[in-house]
Every structure is written in C-alpha cells, then in structure tokens.
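Asks: only the shape, not the letters, is given here:
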C-alpha cells in the first residue's frame, strides 16, 4: 500500500515496490511488467505517476522499455572476458546459453587510413565491412562491425551466415587460430539503431571495443568494433 504521509513521492514508492518484487524474484529477469493500466489499478494512482515510476526504473537500469511491446525486467549482468583468445560463441556457451550471430548488412569500400594501417594494407584496397547482431538465447548482447580485406576473404560473409560464428567462418577460410593484438574501449550514448536492436533506453550508454585480430604469424586478419549495453555487460580484462 502507498502512503501519502511518509515523505516519499507516490511515484518513488511505486518504484521501490517494483524493485522489491524484482529482488524477491516475484518478477524475474526477462519478465514483462504489468501494463500501465494494471499498475494504476494496483496502486490507485494516475498513469502519469506510474509512468514517472517506470521512467525512474529504466534510468536506474532495473527495467527496459521496448516500443510496442511493454516494459521488461532487465537481464542480469553478463561478465564478458577480454583476452587474447576472446570468442563470443565460446563465452556464451560457457553460460549454458545458445549463441547466435545475424548479419545485418554488408558493404564494400576502399580502405582509408583508419582501416588500412591496422590491417597493414594499402590505402584504397577494397575491404568488406560486415555488421552483425549477436544474441544469447535470442536476447541481444552486442552489435559488431568486422572489417576484412576483400581479396583475402572473398567468402567470409557467406561462411559467417552459414555458421553464425566468426571463428568458424575464419576456419572455413583456412585460418585455424587467431588472437587479439589489442583492444581499445570507449563509451558513448547509443545510436537510434543500437537503441532499437539492443533494446536499450536512449539514455543508457554502450561500451565500444575496437580490436585487431592477427593470425598465428602475426598478420592482421580483421578489425572488430563491438558495442555492448553497459548496464548488461561487464568487460573483464584477463591476461
């Protein structure tokens, strides 16, 4: 029950009660919250008060709003290791979840200095940029752009579509093993597309990692630029 005399605003009391339901696992990660109308009936308040409570919960990262679907309890924090041998599919399977990679779009362009230098190719060399959405048990975990020299990996997109795994696609291209040369991390607010596909509030930041992978001989293979929801994924750097 809400109290109008304990010094807390009504919307804050509603937010605290929903948080208590989440802690008690009455509402579990991934569960859909009752509709605004159902919450107004439960708490005996108007929709504006309920919306203020839900907005506060979204700002804190406890819930996420999905346009046209409703409001859901946020998933638990995923610890994502960053090592010389980081593999998305392997990391997700260790959590007893099923990884999936979906190709969103593919573009070919001539490499500028940003791509040419890390890949150790000439400026103007044709590269393939593949944008993918990565999921765990169907839930979006990251978006990533992978940049390859087109002549070296002419079938990389088809191989990735067939397996949903970058490791398997590289194996199909003859690369049996590879490692991460370096990783840079920054943070920013999400783009409209990232907000939609990663199911993020537009005020919640994404962690951006930019890495260069090399083969066993130290020759650069790819540049990968990944975006992770900062309130769902914790990057853990390991030796």
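Replies: Yes, it's here. Note that the structure is a prediction, hence the values are computed from the model and not measured.

Asks: what helix or strand is residue 196 on?
Replies: In this assignment (DSSP states H and E), residue 196 forms part of helix 192-197.

Asks: partners of the next helix or strand after that helix in the sheet?
Replies: The helix or strand immediately downstream of helix 192-197 is strand 206-215, counting by DSSP H and E. For strand 206-215, the pairing partners within the sheet under DSSP bridges are strand 178-188 (antiparallel), strand 220-229 (antiparallel).

Asks: what sits up against stretch 4-22?
Replies: Taking contacts as C-beta atoms under 8 Å, 6 or more residues apart in numbering, the residues outside stretch 4-22 that touch it are 2-3, 27-28, 33, 39, 43, 45, 49-50, 52-54, 56-57, 62-63, 73. Where C-beta positions appear, they are placed from N, C-alpha and C, glycine not excepted.

Asks: in it, what counts as buried?
Replies: Buried positions in stretch 4-22, judged by neighbour count with 16 or more other C-beta atoms under 10 Å: 10-11, 13-15, 17-19, 22.

Asks: secondary structure and distance to residue 109 added to the residues you listed, as JSON lines?
Replies: Supplementary listing: the buried residues of stretch 4-22 in JSON lines, determined by DSSP: H, G, I helix; E, B strand; the rest coil; distance: C-beta to C-beta, whole Å:
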{"residue": "10", "secondary structure": "helix", "distance to residue 109": "54"}
{"residue": "11", "secondary structure": "helix", "distance to residue 109": "49"}
{"residue": "13", "secondary structure": "helix", "distance to residue 109": "54"}
{"residue": "14", "secondary structure": "helix", "distance to residue 109": "50"}
{"residue": "15", "secondary structure": "helix", "distance to residue 109": "47"}
{"residue": "17", "secondary structure": "helix", "distance to residue 109": "52"}
{"residue": "18", "secondary structure": "helix", "distance to residue 109": "47"}
{"residue": "19", "secondary structure": "helix", "distance to residue 109": "47"}
{"residue": "22", "secondary structure": "helix", "distance to residue 109": "45"}
